[in-house]
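Enquirer: Sequence and predicted structure, then a few things I'm wondering about:
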Amino acid sequence: MTLLAETVRRIDTLVAQAQATGRTPSLALGVVRDGTLVHLAAAGDHPRPDADLQYRVGSITKTMTATLLLGERDAGRLTLDDPLDRHLPGTAVGGLTLRQLLGHASGLHREPDGPWWERTEGTDLATLVAGLSTDKVGYPAWRGYHYSNLAYGLLGGVLERVTGTPWAQLLTTRILDPLGLRRTTYHPTAPYAPGYVVHPWHDTLREEPRTDTGAMAPAGQLWSTVTDLARWAAFLADPDPEVLAADTLTEMCTPVMLNDLDSWRGGHGLGLELYREGDRVYVGHGGSMPGYVAALTVHRPSRTAVVGYANSYGFRTGHLGGLSRQLLTLVLDAEPTPVAPWRPAAAPPPAELAELTGRWWWMGIEYEVRADPAGDLWAGRPGDPTLRFTRTGPDRWQGRSGEQDSEVLAVFRDPAGRAVGLDIGTFVFTRTPDQEP
């Protein structure tokens, strides 16, 4: 799949403008569609960006740490409502749950004590845990969202204790190797872009240190490329079940906490940030480390994403996360996902399935039931049957979407064996509007 020439021109122009006005030495953004990097927009020449050049991803690392933790949950080795103390005993904040830590809903302070962890060599897990006190919980969890890097250092510790494997090794075995992320590494591996702070008055560059953050690594240590981050974006849109179940990734995208109570434009799931842009919701994460910013923004329904990096600590004007969402919206508006053509069914459904199709009524309101070639039922208002039901036994079906997800549909039959009613969670649908439910 390729982008239209006009779409490419607009993207390249916006990226060039952002690099110039933002005063960043180099800027690279990639567009992903259907699992493929379809365009790289690059600007600046210090160094000249390409798809294989490493930058630091910062807090995008958290999306992988969260994926590892959810995988352990799926394997039955923990639950998200476990208190931290169950897996990492001896902390002063052991009553906080893993779910609260994942969703930045614990009230835990943003950073560990001591010097700024992002710019200094890190400590080990024992030192991180020993430095905690009850004062690190700023306020009760019910008061709302508070972003916490410290929470993800602790979650990395939970993973090490549960699996008996260091976080970096676990990450490589469970995520990087299976997905082919060969240029996503713990330490920078050439070629990589040095990270800078740009002087505000004379535009000179100060190179920032490339630290090993130790026990805080699960919050922001990783380095990656546009190519690899595009692959990770593709995974977040359509996961490989060998790495994480699709339903679990959908769970990660479910809001735990809103971070914007005034307009409801942003929130946080389990390790993923959520952004509302018009009628669309994007998932992903931003990232920053001294000398670097990064962005990962995914529209899951269309399997479209924008990923990007800059090797300066922020932009003079604007920010990379906003630019990535702007470019993603541009692509989706200019080049909607192709509509799959309708094709006739090869054969009618079995008689016992066909009998349930057609018009049904509830409280004088008309509904429609259709059958698909896979043997599922779809129900809804006429012309819009969006509620899916899968057979679970004789005359029993279970909802798999929308407001009827998990609800049971039971078929009522008269003495002659004809289907005369559909009971969906005690709401009985009948064949005529004047028939008693």
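Expert: Sure thing, it's come through.
Enquirer: Please, where are all the helices along the stretch 251-400 of the chain?
Expert: 320-334, 351-354 (DSSP state H, counting those that start in this stretch).
Enquirer: With respect to residue 272, which of those lies nearest?
Expert: Residue 272 lies closest, by CB to CB, to one member of the helices of the stretch 251-400 of the chain: helix 320-334, at 13.4 Å. C-beta here means a position set from N, CA and C on the backbone, and glycine is covered the same way.
Enquirer: And that closest one, how far out from the chain middle?
Expert: 16 Å (CA atoms, centre = their mean, to the nearest Å).
Enquirer: cool, stretch 215-226 as well?
Expert: So, by CA atoms, centre = their mean, the centroid of stretch 215-226 is 17 Å from its chain's centroid.
Enquirer: Also stretch 400-414?
Expert: That offset, for stretch 400-414, works out to 29 Å (CA atoms, centre = their mean).
Enquirer: List the buried residues for it?
Expert: In terms of neighbour count (16 or more other CB atoms under 10 Å), stretch 400-414 has its buried residues at 404, 407, 408, 409, 411.
Enquirer: which helices and strands does the helix or strand of the chain with the lowest mean pLDDT pack with?
Expert: For the chain, scoring each helix and strand by mean pLDDT, DSSP states H and E identifies strand 257-258 as the least confident one, at a mean of 89. Applying 3 or more CB pairs under 8 Å, 6 or more residues apart in numbering; DSSP states H and E, we find strand 257-258 packed against strand 266-268.
Enquirer: From the contact counts, what lies against the strand it packs on?
Expert: strand 257-258, strand 273-277.
Enquirer: Run a quick neighbour tally on residue 374.
Expert: 7 (other CB atoms under 10 Å).
Enquirer: which ones are touching it?
Expert: Shown in contact with residue 374 (CB atoms under 8 Å, 6 or more residues apart in numbering): no residues.
Enquirer: that older thread, strand partners (parallel or antiparallel) of the least confident helix or strand of the chain?
Expert: The strands beside strand 257-258 in its sheet (DSSP bridges) come out as strand 266-268 (antiparallel).
Enquirer: Below-threshold pLDDT in the stretch 1-150 of the chain: ranges please.
Expert: By pLDDT under 70, the weakly predicted segments of the stretch 1-150 of the chain are 141-142.
Enquirer: Can you show me the strands along it?
Expert: 26-33, 36-44, 55-56 (DSSP state E, counting those that start in this stretch).
Enquirer: Could you export those to TSV, including columns for mean neighbour count and distance to residue 217?
Expert: Output for the strands of the stretch 1-150 of the chain, formatted as TSV (neighbours: other CB atoms under 10 Å; distance: least, CB to CB, whole Å):
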stretch	mean neighbour count	distance to residue 217
strand 26-33	26	24
strand 36-44	20	27
strand 55-56	28	12
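Enquirer: picking up where we left off before, off-centre distance for the least confident helix or strand of the chain?
Expert: 14 Å.
Enquirer: List of residues touching it?
Expert: 103, 104, 105, 144, 145, 264, 266, 267, 268.
Enquirer: let's see it at 6 Å
Expert: 103, 105, 145, 264, 267, 268 (CB atoms under 6 Å, 6 or more residues apart in numbering).
Enquirer: In CSV, list those residues along with neighbour count and distance to residue 86.
Expert: Below are those laid out as CSV (neighbours: other CB atoms under 10 Å; distance: CB to CB, whole Å):
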residue, neighbour count, distance to residue 86
103, 26, 18
105, 22, 18
145, 19, 24
264, 11, 33
267, 22, 27
268, 20, 23
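Enquirer: ok, so of those, who is nearest residue 195?
Expert: residue 268 (25.9 Å).
Enquirer: Report the contact partners of the closest one.
Expert: Contact analysis of residue 268 by CB under 6 Å, 6+ apart lists 103, 104, 256, 257.
Enquirer: Quick one: the residues you listed as JSON lines, columns for distance to residue 337 too.
Expert: As requested, the contacts of residue 268 are exported to JSON lines (distance: CB to CB, whole Å):
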{"residue": "103", "distance to residue 337": "30"}
{"residue": "104", "distance to residue 337": "31"}
{"residue": "256", "distance to residue 337": "28"}
{"residue": "257", "distance to residue 337": "30"}
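Enquirer: Nearest spatial neighbour of residue 435, chain-adjacent residues omitted?
Expert: Distances taken as CB to CB, 6 or more residues apart in numbering place residue 361 nearest to residue 435, at 7.3 Å, with adjacent residues excluded.
Enquirer: That's all I had, so thanks and see you.
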